[in-house]
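pasting the sequence and the predicted coordinates here, then a few questions.
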Amino acid sequence: MAKSRKIQVTLEDPEYELLARIASREHRKLASIVRESIHRYSILPESERTKRKALEELFSLPPASIPENYKEWKLQYHDLKKGKKKNPA
């Protein structure tokens, strides 16, 4: 489980009362409502931005050529993954 940290948030009375009513209606703790709000409105959008940026970078790469001999390419690929250098022909 990830390490938790405590923060302090100051709310104005109307904000607090509204959150308290929501928590009471949903039979949840106020802190749970606040954590969910942070997750939904800050954490998730940031995660989506990161994913979108990665996809944009991936799709901006030039097209790769299709290997003429798939079996030979696969062997070379596995050798590269293992750290072996390609043998000069």
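Looks like it arrived, so ask away.

helix/strand/coil for Val9?
Secondary structure assignment for Val9 (DSSP: H, G, I helix; E, B strand; the rest coil): coil.

isn't it up against Val34?
Yes. Contact between Val9 and Val34 holds when scored by CB atoms under 8 Å: they sit 6.8 Å apart. Heads up, the C-betas are built off the backbone N, CA and C, glycines and all.

which of these two has more residues huddled nearby?
Val34 (15 against 9; other CB atoms under 10 Å).

give me the element the more buried one is part of.
With the criterion set as DSSP states H and E, the secondary-structure element containing Val34 is helix 30-38.

could you name the helices and strands sitting against that helix?
Contact analysis of helix 30-38 by 3 or more CB pairs under 8 Å, 6 or more residues apart in numbering; DSSP states H and E lists helix 13-25 as its packing neighbours.

run the angle between the longest helix that the chain contains and helix 30-38 for me.
Once the chain is assigned using DSSP state H, the helix that runs over the most residues is helix 44-59. Following axes from the mean of the first three to the mean of the last three CA atoms, to 10 degrees, one obtains 30 degrees for the angle between helix 44-59 and helix 30-38.

skip ahead from helix 44-59 and say which helix or strand is next.
Heading towards the C-terminus - elements assigned by DSSP H and E - helix 44-59 is followed by helix 70-81.

tell me which other helices or strands that following helix touches.
By contact count (3+ CB pairs under 8 Å, 6+ apart), the secondary structure elements abutting helix 70-81 number zero: no helix or strand.

low-confidence regions, the protein specifically.
The chain contains residues with pLDDT under 70 at 85-89.

tell me how far the residue positioned nearest the centre of it lies from Lys53.
In the chain, the C-alpha nearest the mean C-alpha coordinate belongs to Ser47, at 3.9 Å (CA atoms, centre = their mean). As judged by CB to CB, to the nearest Å, Ser47 and Lys53 stand 11 Å apart.
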